[in-house]
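Asker: model this:
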Amino acid sequence: MSRAGVGRKDASFGRARCMRAVFFMLCAYALCACGKVDKKPAASPNSEVTYEKGSDLTGVVREVDNEAQAISIYNPVTETEETFTYDSATSILSKNDLEMSISEVGIGEVYDLYVEGVGSKLSKMKATENIIEEESREISIDADSHIMTVDGVNYEYSDNMVVRSGEEDINPMEITDMDRVTFRGIEGKAYSVVVTRGHGYIEPVNYEDFVGGTLVIEGESILPVTEGMLITVPEGRQTLSMKNGDLASKAETTVERNKVAQLNIKESMTQVPETARVTFHVHPEGAELYINGTMVDYSKPVALYYGIHTIKVVLEGYNPYIGRIRVQDPEPSFRIDLAEEIATVDDKNDDDSPPDDNQSSQSSVTDDDGSIENPSSVDYDVDHKITVTAPDGASVYINGTYKGVAPCSFTKCVGKITLTLQKDGYETKSYSMEIIDDSQDTSLSFPELKTQNQ
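Answerer: Numbers count the residues shown, from 1 in each chain. Next up is the predicted model:
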C-alpha cells in the first residue's frame, strides 16, 4: 500500500474516534442532566428558628455560698448532693422568665440547671414549672416507710432530701403539728420541706399553787398542770393561763424558734371567786338540763365550781345530749342543740336555727367562750411501757408533761404525741410521732443533742 493510502486510512480512523468520543460525552451529559432533574434539592436550616439544648438536671437548692459563688444542689433523681459555681454571667430566671438575682434564690426551691461545657459552671438557672408547692400545717412522717403525708397525699422521701428550719437542716420527724411548712415535690416524690413558722418552748416557774389545775395555751391546747412542765408552742407571742380553784394567772411571753422561754406564773397570780356564772342556751326551748345528775333552772346563769362537769339535756322527740364541759372562766356561755330523732330536710335557716352541721341525728354543744371537755387523742396502755434510752441525761416530756431523765421508762401512751428532750447546755428538741397500740413495750432512741454554741 502506498504512503498516501495509509495516510487517508489513519485520518478516517481518527475522525471516527473523535466522533465516538463526542457521542459518549453527549450521553454522559444527558445522564447528568436527567439526574439533576430527578434529584430533590437539599434542605437548608431555617434561620428564623432558634435551637436550644435542654437543662442538664433539675435540682433543689440546699445552700448558696455568696462568698465562694457556689450553690449546693440536691439531685432528687440520684438522691445525691452536687455543687456548682456561678458568676455575673449566669442567667437566673423565674417561672415567668423574669430576671432574678442570686439573693432571690431560696433554700428548698427547685430549678432547672444548665451547665456550661463539661465543667460545673452554671450558664443558666430557671425555676422549674409543674412543681407541687403547698403551704401546709397538716404534715406527718412515717420514718419506717419513708413516706411523708401532706394534706392527705403521700410522698416518698429520701434521707438526703432538703428539710430546713431556720439556718439548719433537721430530721423530718422534728416537724411538729404546730409548725407551718412549705412543701415542694412532684407526684409521689418529695423534694423539700422548709419550716416557715417553727416552734419553741415555755417553761413555767413558780407555779406550785396551780398543780392539779388546768393550763391553757391560748388558741392551742388545754393541759393538766403537773410538776416540771415544758410546753411546746408555736414561735411568736403566746399567752398562758393557769387556774386552780379560786386561783388564776395569765401571762404573755415571746417564744423564739427552738428556744426555751421561762414564764413566772406567781407574778401574775390573782384570786377569783370560787364559782363561775355559767349561761346555757338550749335549743329547742323546753328541754331539761341536768348538771352532775341534778336538774337545774337555766333560765338564768347557773353557779358552778371551776373544773369539769357532766351535763345531760333531754326533750321528748329529740336525741338526748350527754357530755362534759370544763368551766374555767368567770362567766362562760354554752349553746346546746338537740337533734330530732327522725332527721328532716329543711333548707330554711334562721338566726334561731342551729348550724347546718348540727342538722343530723347527733345532738351537739358549742362553747361560746367556755370549754368543751373532749376525749383526748392519746390513750394509755397500762400493761406496757415506753422506754427512752438516749440521749443519756436528757429530760423527757410527753405533750409537755415531765416523764423522767433518759434512760427512763413510763406508762405507754397510744396515739399522736410530741416528745421533747431537754438538757442543760444543749439545744432542746421535739419529735412528732404516733405510738401504735400493738400490746408491746416500745423502745425509743434519739440522736445526741447539740450543744448550744454549735
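Asker: Low-confidence ranges, the stretch 151-300 of the chain, go.
Answerer: Counting by pLDDT under 70, the stretch 151-300 of the chain shows low-confidence ranges at 219-221, 272.
Asker: at 90 what do you get?
Answerer: 151-152, 177-178, 212-214, 216-224, 243-248, 270-277, 285, 292-294 (pLDDT under 90).
Asker: Kindly report the same for the stretch 301-450 of the chain.
Answerer: Applying pLDDT under 90 to the stretch 301-450 of the chain flags residues 303-308, 310, 316-320, 322-324, 326-331, 337-383, 399-401, 416.
Asker: before we move on, what about the stretch 1-150 of the chain?
Answerer: Low-confidence segments of the stretch 1-150 of the chain, defined by pLDDT under 90: 1-54, 117-119, 136-140, 144.
Asker: And the strands in it?
Answerer: 57-65, 70-75, 80-85, 91-93, 110-115, 122-127, 132-136, 139-142, 147-150 (DSSP state E, counting those that start in this stretch).
Asker: Dump those into CSV; add distance to E156 as well.
Answerer: Using the backbone N, CA and C atoms, a C-beta is placed for each residue, glycine as well. Output for those, formatted as CSV (distance: least, CB to CB, whole Å):
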stretch, distance to E156
strand 57-65, 15
strand 70-75, 15
strand 80-85, 16
strand 91-93, 29
strand 110-115, 16
strand 122-127, 23
strand 132-136, 13
strand 139-142, 10
strand 147-150, 6
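Asker: how about TSV for the ones you listed, with mean neighbour count and distance to C408 added?
Answerer: Formatted as TSV, the strands of the stretch 1-150 of the chain follow (neighbours: other CB atoms under 10 Å; distance: least, CB to CB, whole Å):
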stretch	mean neighbour count	distance to C408
strand 57-65	19	36
strand 70-75	19	37
strand 80-85	15	37
strand 91-93	16	51
strand 110-115	20	43
strand 122-127	20	48
strand 132-136	14	34
strand 139-142	19	24
strand 147-150	18	30
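Asker: Which one, of the ones you listed, ends up nearest to K423?
Answerer: Evaluated over these, closeness to K423 peaks at strand 139-142, with 23.6 Å, by CB to CB.
Asker: Who are the contact partners of H146?
Answerer: The contact partners of H146, taken as CB atoms under 8 Å, 6 or more residues apart in numbering, are 156-159.
Asker: 6 Å instead, please
Answerer: Y157 (CB atoms under 6 Å, 6 or more residues apart in numbering).
Asker: again, but for V414
Answerer: The neighbours of V414, taking CB under 6 Å, 6+ apart as the test, are 379, 381, 435, 437.
Asker: In terms of helix, strand or coil, where does the last one fall?
Answerer: Spelled out, that is D437. Here D437 is coil, with the state taken from DSSP: H, G, I helix; E, B strand; the rest coil.
Asker: Which of the three states applies to the nearest residue to it once chain neighbours are set aside?
Answerer: Residue nearest to D437 in three dimensions, not counting chain neighbours: V414, with 4.4 Å by CB to CB, 6 or more residues apart in numbering. Three-state assignment for V414 (three-state DSSP): strand.
Asker: For K312, find the nearest of the strands of the stretch 1-150 of the chain.
Answerer: Proximity to K312 (CB to CB) singles out strand 139-142 among these, at 36.5 Å.
Asker: centre of the chain versus the closest one, how much separation?
Answerer: 8 Å (CA atoms, centre = their mean, to the nearest Å).
Asker: What helices and strands are in contact with it?
Answerer: Under the contact criterion of 3 or more CB pairs under 6 Å, 6 or more residues apart in numbering; DSSP states H and E, strand 139-142 touches strand 147-150.
Asker: Pull out the buried residues from the helix or strand that the strand it packs on is followed by.
Answerer: Using DSSP states H and E, the helix or strand that follows strand 147-150 towards the C-terminus is strand 153-156. Within strand 153-156, the residues that qualify as buried are Y155, counting by 16 or more other CB atoms under 10 Å.
Asker: Sheet-wise, list the partners of the helix or strand following strand 153-156 with their directions.
Answerer: Using DSSP H and E, the next helix or strand after strand 153-156 towards the C-terminus is strand 162-165. In the sheet, strand 162-165 lines up against strand 168-169 (antiparallel), strand 189-197 (parallel) (DSSP bridges).
Asker: Can you give me the separation between the closest residue in space to A89 that isn't next to it in sequence and T78?
Answerer: For A89, ignoring the flanking residues on the chain, the nearest one in space by CB to CB, 6+ apart is S123 at 7.6 Å. Separation of S123 from T78 (CB to CB, to the nearest Å) stands at 21 Å.
Asker: The residue nearest to A89 contacts L113, doesn't it?
Answerer: No - taking contacts as CB atoms under 6 Å, S123 lies outside contact range of L113: 9.1 Å.
Asker: From one end of stretch 414-431 to the other, what's the distance?
Answerer: End-to-end span of stretch 414-431 (CA to CA, to the nearest Å): 15 Å.
Asker: Report the buried residues of it.
Answerer: Within stretch 414-431, the residues that qualify as buried are 414, 417-423, 426-431, counting by 16+ other CB under 10 Å.
Asker: Do a quick rundown of the strands in the stretch 301-450 of the chain.
Answerer: Ranges of strands in the stretch 301-450 of the chain, per DSSP E, counting those that start in this stretch, are 302-305, 307-314, 321-327, 333-337, 364-367, 371-372, 379-390, 395-398, 401-405, 408-422, 429-435, 442-445.
Asker: Report the contact partners of P301.
Answerer: P301 neighbours (CB under 6 Å, 6+ apart): 277, 279.
Asker: any chance of the strands paired with strand 162-165 in JSON lines, plus distance to G213 and mean neighbour count?
Answerer: As requested, the strands paired with strand 162-165 are exported to JSON lines (distance: least, CB to CB, whole Å; neighbours: other CB atoms under 10 Å):
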{"stretch": "strand 168-169", "distance to G213": "37", "mean neighbour count": "12"}
{"stretch": "strand 189-197", "distance to G213": "29", "mean neighbour count": "21"}
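Asker: Need the ones you listed in a markdown table (columns: distance to F183).
Answerer: Formatted as a markdown table, those follow (distance: least, CB to CB, whole Å):
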| stretch | distance to F183 |
| --- | --- |
| strand 168-169 | 16 |
| strand 189-197 | 5 |
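Asker: List the residues that contact D381.
Answerer: 412, 414.
Asker: how near is it to E63?
Answerer: With distances taken as CB to CB, D381 is found 44 Å from E63.
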